[in-house]
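A.B. asks: 3D, please:
(chains A, B, C and D)
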2 protein chains.
Amino acid sequence: MSAELSEMPEFSPRQNEVLEQALKLLVDGGEKALTTSGLARAANCSKESLYKWFGDRDGLLAAMIAHQASKVRTFERGSARLTPDLLREHLETFGRDLLEVLSGEVSLALNRLAIGQASREGSKLGRLLIEHGRRQIDRRAIGLMEAGRRAGLLRFHDADSAYHTLYGLIVSDLHVRMLLGEPGLKDNQRQAARAVDAFLQLHGVSTDTGGAQRASAGR
Amino acid sequence: MSAELSEMPEFSPRQNEVLEQALKLLVDGGEKALTTSGLARAANCSKESLYKWFGDRDGLLAAMIAHQASKVRTFERGSARLTPDLLREHLETFGRDLLEVLSGEVSLALNRLAIGQASREGSKLGRLLIEHGRRQIDRRAIGLMEAGRRAGLLRFHDADSAYHTLYGLIVSDLHVRMLLGEPGLKDNQRQAARAVDAFLQLHGVSTDTGGAQRASAGR
DNA sequence: CCTGTTGCGTACCGTACCGTACGGTTCCTA
DNA sequence: TAGGAACCGTACGGTACGGTACGCAACAGG
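C.D. replies: Below you'll find the predicted structure:
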């Protein structure tokens, strides 16, 4: 689908290469490790080029976010005739993908960066990250919600609200904990399955999909 | 109750005064604004004293977390004979308090600080923050869970897991969004009520507490 | 009154980083 | 082949911060 293809600043291959190096530096060294000199050295380019291309250090950071977001395209499902089991499967896949993305090294590093800068500058990076990084996955989920309702499998007043419920059930406080440095889950699939069970118990139609509830073991 | 009164480093009144100033600087300037010189100037003390008292800049940050945590004592409810309505009320109060704490300026600033430092140094601050800032509130919630089960009002296999479900329903992605700079909710009470509704639908006993479900409007 | 302690104010040092400038090299184009 | 643009590597200036050292005032006890 790809309604509007976002403002497309898009960078040259060489610039993308540099941005990739920048992400690498950021991931395994934190913001402190991402210096213009260090990036120039690591990427075999000159500082002058960095400032010519990205204008500013903040411009570099914004470019990194745009670059990373451009890599995480999520496909809108063609959605061939939803069945209860198919809906559950799509929801679980969504949950697993969400956890996978949120626990990714690059995502964590960028979120840490934006959060660190959130105090000053009116949280420009934060808004950028929410816009670019979130819109895609939100769209996918809400599409799924409404497809489920159209198929008579889900029941809710507000798709956005239902989506936030699903999100909370899947992620809980895990995202913040990982941002603070705790390790992620061992089994994202299991967590997604449990969350979807609960979600369907809340918003699924009474004819439950495939055998009441599943196993629900401890965290 | 206050079982163990935590390791009690505890600081002198003068030191607490300085720590308070440090929090103030951190809150409305971010980490960049919290410099030793700036703190010395703002708190009318000398840098030498800062280093004598806290040893290090990281020591200062840790002291700030400990100091803030020492202010947020949460009372264990005496829990006089739980009724369904009382349980719901306690859960909603817990949810509102949780949202209130998480959206507090100081909490956000400290979380941002710890998250910014999470990459380097093995996320020492992050662990500190989770330990000091979270244990109290976790205890309170889990106590509530188990009291509810003992009274035959809640049904779950694992109190910890149920608590995380409640947490996710209450907070969803709001915490991260606020950390990124977005404003909080207008009505925490409403959000708490909706979360508790869903939670009781999942883990409450069939005899629902007072009239099926309440209103559930859009976010 | 003398002396030791505590803490304030400030000057200072080394370092690191942002941003710019300059010389040299490669590659494209006329 | 000549000219120019883009880029690399590096060096430099300005600034700011962490941490230390020194001078001085207030105050306690003998």
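A.B. asks: can you give me the helices in chain A?
C.D. replies: For chain A, applying DSSP state H gives helices covering A:13-27, A:30-33, A:36-43, A:47-54, A:57-71, A:84-102, A:105-116, A:124-150, A:159-171, A:174-179, A:188-203.
A.B. asks: reformat those helices as CSV; add distance to chain B, mean neighbour count and mean pLDDT.
C.D. replies: (Glycine included, C-beta is placed from N, CA and C.) Compiled in CSV, these are given as follows (distance: least, CB to the nearest CB, whole Å; neighbours: other CB atoms under 10 Å in any protein chain shown; pLDDT from 0 to 100):
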stretch, distance to chain B, mean neighbour count, mean pLDDT
helix A:13-27, 8, 18, 95
helix A:30-33, 3, 16, 92
helix A:36-43, 14, 16, 95
helix A:47-54, 21, 15, 95
helix A:57-71, 12, 18, 93
helix A:84-102, 9, 19, 96
helix A:105-116, 3, 22, 96
helix A:124-150, 3, 18, 93
helix A:159-171, 4, 22, 98
helix A:174-179, 5, 22, 98
helix A:188-203, 6, 21, 98
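A.B. asks: which residue packs closest to A:His164, ignoring adjacent ones?
C.D. replies: B:Ser172 (4.7 Å; CB to CB, 6 or more residues apart in numbering or on different chains).
A.B. asks: you'd agree the one you found is up against A:Thr165?
C.D. replies: Yes - applying CB atoms under 8 Å, one finds B:Ser172 in contact with A:Thr165, separated by 7.3 Å.
A.B. asks: and stretch A:116-123, end to end?
C.D. replies: 9 Å (CA to CA, to the nearest Å).
A.B. asks: right, I mislabeled it, should have said stretch A:29-41
C.D. replies: End-to-end distance for stretch A:29-41, by CA to CA: 15 Å.
A.B. asks: run the chain-centre distance for it.
C.D. replies: Its chain's C-alpha centre lies 24 Å from the corresponding centre of stretch A:29-41 when counted by CA atoms, centre = their mean, to the nearest Å.
A.B. asks: that one vs DNA strand C: in contact?
C.D. replies: Yes - using CB under 7 Å from any atom of the strand, stretch A:29-41 reaches DNA strand C at A:Lys32, A:Leu34, A:Thr35, A:Thr36, A:Ser37, A:Gly38.
A.B. asks: A:Leu25 versus the first one, what's the distance?
C.D. replies: Note on A:Lys32: its distance to A:Leu25, by CB to CB, to the nearest Å, is 10 Å.
A.B. asks: show me what from chain A comes close to DNA strand C.
C.D. replies: A:Lys32, A:Leu34, A:Thr35, A:Thr36, A:Ser37, A:Gly38, A:Ser46, A:Lys47, A:Glu48, A:Tyr51, A:Asp56, A:Arg57.
A.B. asks: does the fourth one touch A:Arg57 like I think?
C.D. replies: Yes - checked against CB under 8 Å, the pair A:Thr36 and A:Arg57 is within contact range at 6.6 Å.
A.B. asks: can you report phi and psi for the closest residue to A:Gly126 other than its chain neighbours?
C.D. replies: Once flanking residues are discounted, A:Gly126 sits nearest to B:Leu180: 3.4 Å by CB to CB, 6+ apart. The phi and psi values for B:Leu180, taken as degrees, to the nearest 10, are phi -80, psi -10.
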